[in-house]
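> Model the following, please.
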Amino acid sequence: MKRLALAGFAGLLVLLFAAIAIASGIGDPSIPSGAVAVVEDVPGDIGTITDEEFRRAVVQAAAAAQISPVPKPGEEQYDGLKETALGELLDSVWIQGQAAEMGFPPVTPKEVATELKKLKEQSFQTEKQYREFLKESRYTREDVDRRVTLQILSTKIQNQVQEEAPVPSSSEIEDYYEAAKGNQYTTPESRDIRLVVNKDKSKVEEAKAQLEKDDSVESWEEVAKKYSTDPSTKNKGGLQTGLSEGGVAEPLNAEVFSAQQGELEGPLKETRGYVIFEVAKITPESVQSLEEAKPQISSQLTEEAGQQYFSRFLRNYNSTWTSRTFCTSEVAIARCANFEGDGRPAEANPACFEADPAEPPEACPALITQVRPVQPGSVTVLTPEGQQLAQRPRPSKAEAAAPEGAEVPLEGAPEGAPEGAPEEAAPEGE
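Purely as a prediction, here's the structure:
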């Protein structure tokens, strides 16, 4: 529970602003002595991250990861803690800077106290547990207040951005309804039936003879209990409700949905043996009207538009604030404009970049990142993101072994694609 509470506080902001864009070609301002990073265009002096703040953040990151003692530069696990620590410090500056640019007033002590009380109630059962959390996480009360302040600002930013998202038009709602009407807003015909099942055809014929004399509910209850071997219906008068076409195995399905209500049918041979049945009730197909479906569609499209709008905001947010952030070479990460990496994703197995690895990796990142690789023609009103396609990170064994110039069928190519067809190139810039 303590670890969950720790993660709850320590990770309040990571999920909200996770994606990082790397800016290039920006001038590198001087970083003051005793500092590890500078963020430009922020209120007051919050843009300077001191060496002392960074060291404390590393200690807190180690506590969150339950790493003891705290590793030093060059030691195993230090780089991961360095990235976590600097990332959280940059989150603090970036969010405060963004809030100021959006015109939000400073968070008041009353707002902090109210939000902290709510978070403590959600994460801790007693005040003692909260104090233990502070000790274990190496947080001071000021650290907690700062994180709560950032949580409040993050929520305000997200809410305002989503409120600015465009509202779906009447034509968009109507287009969605027409595209989805057959599946989402149409309830197909259903039927309730009574049946008797038995592997012995003579038993089924005896049951039918009795029901031809009296097919009342009472008679069905008596006959089903005596003759049927179907455990799910024999004690319910043979009743099976809410059957939709295709919902039962053939040949029974076709017979049920072509039969007249109230007519005794069979015997019919099927997988369980022989069946006699009678359609007890037919519920016709019903279609929800556009006016009835409009509130639901509007809500759904509004939510989707809000998510897309917020995703665009995040890309701009990260690009903008990365371009304003400069770090010393000792601590620089991908969120710093002056970061110089090797172009390899941090999570990739190093063997992916070896010519002849001793242990070939199971998976490697794509050589070219595609933001939205989709099946051509799969983008519709109902699936605006299209059918996602994975980009192969490596040539297949067949391609690697094939003579130069030989055509090799593409593994994982869309059905119907011609052998040797080139993969669709990523759009410029994606």
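
> can you list the domains in the protein?
2-165+310-327, 189-284 (automatic domain parsing).

> Quick one: mean pLDDT for stretch 301-309?
Averaged over stretch 301-309, pLDDT sits at 89.

> correct me, but residue 278 touches residue 256?
No: judged on Cβ atoms under 8 Å, residue 278 makes no contact with residue 256 at a distance of 9.9 Å. Just so you know, the C-beta spots here come from the backbone N, C-alpha and C atoms, and that holds for glycine as well.

> quick one: common contacting residues for the two?
Residues touching both residue 278 and residue 256 (Cβ atoms under 8 Å, 6 or more residues apart in numbering): residue 193.

> and stretch 250-267, which residues are buried?
252-253, 255-257, 259, 265-267 (16 or more other Cβ atoms under 10 Å).

> May I ask which helix or strand encompasses the residue nearest in space to the middle of the chain?
A centroid search over the chain (Cα atoms, centre = their mean) returns residue 307, at 11.8 Å, as the residue closest to the centre. Using DSSP states H and E, residue 307 maps to helix 290-323.

> Give me the distance from that helix to the chain's centre.
15 Å (Cα atoms, centre = their mean, to the nearest Å).

> average pLDDT for the helix or strand following that helix?
Next helix or strand after helix 290-323 toward the C-terminus (DSSP H and E): strand 325-327. In this model, strand 325-327 has a mean pLDDT of 96.

> what pairs with strand 325-327, and is each one parallel or antiparallel?
strand 35-39 (antiparallel) (DSSP bridges).

> Give me the distance between the closest residue to residue 225 other than its chain neighbours and residue 202.
Leaving aside its chain neighbours, residue 225 sits nearest to residue 234 (5.8 Å; criterion: Cβ to Cβ, 6 or more residues apart in numbering). Per Cβ to Cβ, to the nearest Å, residue 234 is found 18 Å from residue 202.

> mean confidence score for stretch 166-179?
Rounded mean pLDDT across stretch 166-179 is 94.

> Any idea how far it is from the middle of the chain?
Worked out by Cα atoms, centre = their mean, stretch 166-179 lies 24 Å from the chain centre.

> buried sites along it?
168, 172-173, 175-177.

> can those residues go into CSV with extra columns for secondary structure and distance to residue 94?
Below are the buried residues of stretch 166-179 laid out as CSV (DSSP: H, G, I helix; E, B strand; the rest coil; distance: Cβ to Cβ, whole Å):
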residue, secondary structure, distance to residue 94
168, coil, 31
172, helix, 34
173, helix, 37
175, helix, 38
176, helix, 36
177, helix, 41
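
> of all those, which comes closest to residue 329?
The nearest member of those to residue 329, counting by Cβ to Cβ, is residue 168 at 48.8 Å.

> Leaving out chain neighbours, which residue sits closest to that closest one?
residue 301 (3.9 Å).

> what about the strands in the stretch 151-300 of the chain?
Here the stretch 151-300 of the chain has its strands, by DSSP state E, counting those that start in this stretch, at 186-187, 190-198, 239-244, 264-270, 273-283, 286-287.

> now swap in the stretch 1-150 of the chain and tell me
Under DSSP E, counting those that start in this stretch, the stretch 1-150 of the chain gives strands at 35-39, 48-50.

> List just the one of those that sits closest to residue 182.
Nearest of those (Cβ to Cβ): strand 35-39, 52.8 Å.

> what angle separates the closest one from helix 290-323?
130 degrees (axes from the mean of the first three to the mean of the last three Cα atoms, to 10 degrees).

> How far does strand 35-39 sit from its chain's centre?
With Cα atoms, centre = their mean, you get 34 Å for strand 35-39.

> ok, the residue nearest to the centre of the chain to residue 175 distance?
19 Å.

> Could you do residue 256 as well?
36 Å.

> and what of residue 255?
Counting by Cβ to Cβ - residue 255 and residue 175 are separated by 39 Å.

> repeat for residue 73
Counting by Cβ to Cβ, the gap from residue 73 to residue 175 is 58 Å.

> Same question for residue 354.
For residue 354, the distance to residue 175 - Cβ to Cβ - is 51 Å.

> go on, residue 118?
41 Å.

> go on, residue 267?
50 Å.

> got any ranges where the stretch 151-300 of the chain has weak pLDDT?
Within the stretch 151-300 of the chain, no stretch has pLDDT under 70.

> circling back to that earlier point, switch the buried residues of stretch 250-267 over to TSV; also include distance to residue 227.
Shown next, in TSV, are those (distance: Cβ to Cβ, whole Å):
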residue	distance to residue 227
252	17
253	22
255	19
256	19
257	24
259	20
265	16
266	12
267	11
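
> what two of the residues you listed have the greatest distance between them?
257 and 267 (18.2 Å).

> Which residue, other than its chain neighbours, is closest to residue 242?
residue 190 (5.1 Å).

> show me the contacts for that neighbour.
With contact set as Cβ under 8 Å, 6+ apart, residue 190 has these partners: 242-244, 282-283.

> Which residues are in contact with the closest residue to residue 100 other than its chain neighbours?
Closest residue to residue 100 apart from its sequence neighbours, by Cβ to Cβ, 6+ apart: residue 43 at 4.9 Å. Shown in contact with residue 43 (Cβ under 8 Å, 6+ apart): 96-97, 100.
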